[in-house]
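dropping a prediction and its sequence here:
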Amino acid sequence: MADQNESIPAQEQAAAQDPAAQKNAQLLALLHRLFGADAFTDVEEPYGLLTATTTRERIHDIIEGLQKDEELQLNFLTTMCGMHFPDRPGQELGMVYHLHSLTQNIRLRLKIFFPIADPVAPTLTDLYATANWMEREAFDFYGIIFPGHPNLMRILNVEDMDYHPMRKEYALEDGTREDKTDLFFGR
Amino acid sequence: MAVNDTLEGTHKIIESAREQEPRLNPLAPTVNDFNQELTTLNLGPTHPATHGIFQNILQMDGERIVAGVPTIGYIHRAFEKIAERRPFYQITPLTDRMNYCSSPINNMGWHMTVEKLLGVEVPKRAQYIRVILMELARITDHLICNGILGVDTGAFTGFLYLMDEREKVYEIYEEVSGARLTTNMGRVGGMERDFSDVAIAKLRAWLKTFPAVMAEFEKMFNRNRIFMDRVVDVGGISAERALNYGFTGPNLRAAGVDYDVRVMNPYSSYQDFEFEIPVGTKGDTYDRFMVRNEEIWQSLRIITQALENLPQGPYHADAPHFYLPPKQAVYQNMEALIYHFKIVMGEIDAPVGEVYHSVEGGNGELGFYLVSDGGRTPYRLHFRRPCFIYYQAYTEMVVGQTLSDAIVTLSSMNVIAGELDA
């Protein structure tokens, strides 16, 4: 789209004067100081929200460190959810964490990716009570297993379901049914 | 008692409850005295007092709750999956059906998320109209929550008073969008139509009459001895636990944390208005009730300011690629017909990117996490539903209390089944 290409320099210009961009720079400096620059890859700021990718080996320590950090107090886990990218070999599944500092009003988005053959991610239930159901939801929808979770069972779907329905290989309609077709609905 | 929805955790809680002395009622026999067994009680899924379809399996020692397991998912409709197959503007009806007590907030939150992704700037008049509608929605949400809390404590009159007022707000919705409950209000890029004169007249009339009714309702409840006996020090949660549990909205503010998305991350011109954030101290049922009452007054302040300063100008952005054109223009104007077709058939792609946008919903921070791969539909859409997040804490809040306390705690938390399950 033409408009989009034109607006990119304008966005960058606005970001330089934006206090949110300065906060992001401050946050990134803190992240690098606490956990080392090599802990984060793909650092970007889509729509002003600092986003970084890390590994599942480090994510628990990073979130624990941010929770206990006195300077920024990123101690509010806004949300976390699973993702599935079938086109990325070795990194098919992912988890996204949104953290928020209620005192400084800084948000941070962290991501981890791991292979679908080994769908294991560390649990955050020891840090945040709110992670309990969010992890159950990620397990329910994507089959991500959280070792150490106190009660990892399906939460929204029925217990005897044998697949994880939010993965991309499952179509919206039940593929085994022949009595209905969505051929005519433009989907 | 942090991990009380495990079997092991349940046993631990039962053990600690056995050891707990002194009892709430010192005359009541302890478990050890009679060697009696605990009762398992299913609160819900379809009991009227649960206000929706979710189940709480409670372990009762007489009238006292010693442990509980919440079970949800009874009306799960797979909105996140359905959204992956729908063009952006067709997702609005899905958001209606999440928190159906305040569907305009859900609609506007979703539209703002898409506008952020597309980089669409909404004109001031549309923003003010959105603020008015969102605050009306907040008021109706709080009205039904507080009215039902009255019903659960045995006072039906307040509920009737407030439902009458909600009805009048629904008439305003009807004037603006044509619908009452699932409003499907607004469009990506602004409003579907401008406030009509009738809508403004209805709104002004309601603003005149509502405060007296609200004052009467408060007079009936706020210092009512019977009501206070039922709700003070019931279902409390500390600020630390509330934050750890991810509480937002009135439930968090009742615990004493003044976090409000409208102030911290202003959207839709909220920075133009003067209002206060009411906070409680103990986080108990009474505090939640009072915080919601006070928020209704603050919302009225915002609506009054927005209505007085309603700017002139267009009520939608000039974004023909994404704003669904008015139906009359589609009939008469070739360009509008083309864009209508292109938008409805989803032929216009969105930019690649990921957005998180949150609004202050009736229950707290309602967030939308949207990943776009450049197609006509979201690649991944995650709703941060405040109900889903804070309902986890329910058993921790009611353990050690009586069954009647559990009922009022549930209704004061304002758990909306549609939002809980999505």
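Thanks, I have the structure now.

got phi/psi on B:Y315?
phi -100, psi 10 (degrees, to the nearest 10).

that one touches B:R130, doesn't it?
No: counting by Cβ atoms under 8 Å, B:Y315 stays clear of B:R130, with 10.0 Å between them. Every C-beta, even on glycine, is put in place using the N, C-alpha and C of the backbone.

list residues touching both of the two?
B:M191 (Cβ atoms under 8 Å, 6 or more residues apart in numbering or on different chains).

those two: which has the busier surroundings?
B:R130 (28 against 20; other Cβ atoms under 10 Å in any protein chain shown).

who are the packing partners of the helix or strand where the more buried one lies?
Assessed by DSSP states H and E, B:R130 sits inside helix B:124-152. If you count contacts as 3 or more Cβ pairs under 8 Å, 6 or more residues apart in numbering or on different chains; DSSP states H and E, helix B:124-152 packs onto helix B:103-118, helix B:156-177, helix B:197-221, helix B:285-308, helix B:403-413.

what angle sits between that helix and helix B:403-413?
170 degrees (axes from the mean of the first three to the mean of the last three Cα atoms, to 10 degrees).

can you give me how far helix B:124-152 is from the chain middle?
9 Å (Cα atoms, centre = their mean, to the nearest Å).

could you do stretch B:248-257 as well?
13 Å.

for it, the averaged confidence score.
Averaged across stretch B:248-257, the pLDDT comes to 92.

close to chain A, is stretch B:399-410?
No: shown here: stretch B:399-410 not in contact with chain A (Cβ under 8 Å from any Cβ of the partner chain), separated by at least 14.0 Å.

buried residues in that stretch, which are they?
Judged by neighbour count (16 or more other Cβ atoms under 10 Å in any protein chain shown), stretch B:399-410 contains these buried residues: B:399-403, B:405-410.

how about stretch B:52-64?
Neighbour-count burial for stretch B:52-64 [16+ other Cβ under 10 Å]: B:52-62, B:64.

and the end-to-end length of it?
23 Å (Cα to Cα, to the nearest Å).

that one near chain A anywhere?
No: figure legend: stretch B:52-64 not in contact with chain A (Cβ under 8 Å from any Cβ); closest approach 11.1 Å.

and that stretch, what's its mean pLDDT?
87.

and if you look at stretch B:182-202?
90.

which element follows the lowest-mean-pLDDT helix or strand in chain B toward the C-terminus?
Taking mean pLDDT, DSSP states H and E as the measure, the helix or strand of chain B with the lowest value is helix B:31-34, at a mean of 53. Counting by DSSP H and E, the next helix or strand C-terminal to helix B:31-34 is strand B:39-43.

in that following strand, what counts as buried?
Per 16+ other Cβ under 10 Å, strand B:39-43 contains these buried residues: B:L43.

kindly report the same for stretch B:236-248.
For stretch B:236-248, by 16+ other Cβ under 10 Å, it's B:236-237, B:239, B:241-248.

say whether chain A is contacted by it.
Yes: interface with chain A: stretch B:236-248 contributes B:241, B:243-246 (Cβ under 8 Å from any Cβ).

quick one: residues in contact with that stretch.
A:75-78, A:102, A:128-130, B:251-252, B:255-257, B:259, B:261, B:282-285, B:287, B:363-365, B:386, B:389-390, B:392-393, B:396-397.

return a ChimeraX selection command for the buried portion of the residues you listed.
Buried residues within these, by 16+ other Cβ under 10 Å, are selected in ChimeraX with:
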select /A:75,76,77,78,102,128,129,130 /B:251,252,255,257,259,261,282,283,284,285,287,363,364,365,386,389,390,392,393,396,397
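
returning to what we had before: okay, the residues of stretch B:236-248 next to chain A in TSV with secondary structure next?
As requested, these are exported to TSV (DSSP: H, G, I helix; E, B strand; the rest coil):
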residue	secondary structure
B:R241	helix
B:L243	helix
B:N244	helix
B:Y245	coil
B:G246	coil
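
so B:I139 versus B:E171, what's the distance?
14 Å (Cβ to Cβ, to the nearest Å).

picking up where we left off before, so which of the residues of stretch B:236-248 next to chain A is the closest to B:L117?
B:G246 (24.7 Å; Cβ to Cβ).

pull out the buried residues from stretch B:192-208.
Buried, per 16+ other Cβ under 10 Å, within stretch B:192-208: B:192-195, B:199-200, B:202-203, B:206.

my bad, should have said stretch A:83-90
Buried, per 16+ other Cβ under 10 Å, within stretch A:83-90: A:83-85.

which ones among those residues map onto helices?
Among the buried residues of stretch A:83-90, none falls in helices (DSSP state H).

list just the nearest of those residues to chain B.
A:M83 (5.5 Å; Cβ to the nearest Cβ).

ramachandran angles for the closest residue in space to the closest one that isn't next to it in sequence?
Counting by Cβ to Cβ, 6 or more residues apart in numbering or on different chains, A:M83 lies nearest to A:G94, which is 4.2 Å off, once chain neighbours are set aside. Reported as degrees, to the nearest 10, the phi and psi values for A:G94 are phi -150, psi 160.

just give the nearest non-adjacent residue to the residue in chain A that chain B sits nearest to, would you?
Nearest residue of chain A to chain B: A:T130, at 3.3 Å (Cβ to the nearest Cβ). Closest residue in space to A:T130, ignoring its immediate chain neighbours: B:G246 at 3.3 Å, by Cβ to Cβ, 6+ apart.

and A:D18, by the same measure?
A:D18's closest residue in space is A:G48 (Cβ to Cβ, 6+ apart), at 7.2 Å.

my guess is the one you found contacts A:A21, does it?
Yes: using Cβ under 8 Å, A:G48 is in contact with A:A21, at 7.3 Å.

residues touching B:C145, list them.
Here B:C145 is in contact with B:101, B:292, B:362, B:411-412, B:414 (Cβ under 8 Å, 6+ apart).

same list (those residues) but as CSV, adding distance to B:I303.
Putting those into CSV (distance: Cβ to Cβ, whole Å) gives the following:
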residue, distance to B:I303
B:C101, 18
B:R292, 16
B:G362, 15
B:S411, 26
B:S412, 24
B:N414, 21
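
wait, B:F54 touches B:H47, no?
No: using Cβ under 8 Å, B:F54 is not in contact with B:H47; the gap is 10.1 Å.

SS state for the nearest residue to B:I53 once chain neighbours are set aside?
Excluding the flanking residues, the one nearest B:I53 by Cβ to Cβ, 6+ apart is B:Y74, at 4.0 Å. B:Y74 carries the three-state label coil when classified by three-state DSSP.

pLDDT score assigned to B:Y74?
90.

for it, grab the count of nearby residues.
So B:Y74, with other Cβ under 10 Å, has 16 neighbours.

separation between it and B:Q59?
Taking Cβ to Cβ, one finds B:Y74 at 21 Å from B:Q59.

what's the answer for A:V120, then?
Taking Cβ to Cβ, one finds A:V120 at 33 Å from B:Q59.

again, but for B:K327
Taken as Cβ to Cβ, the span from B:K327 to B:Q59 is 57 Å.
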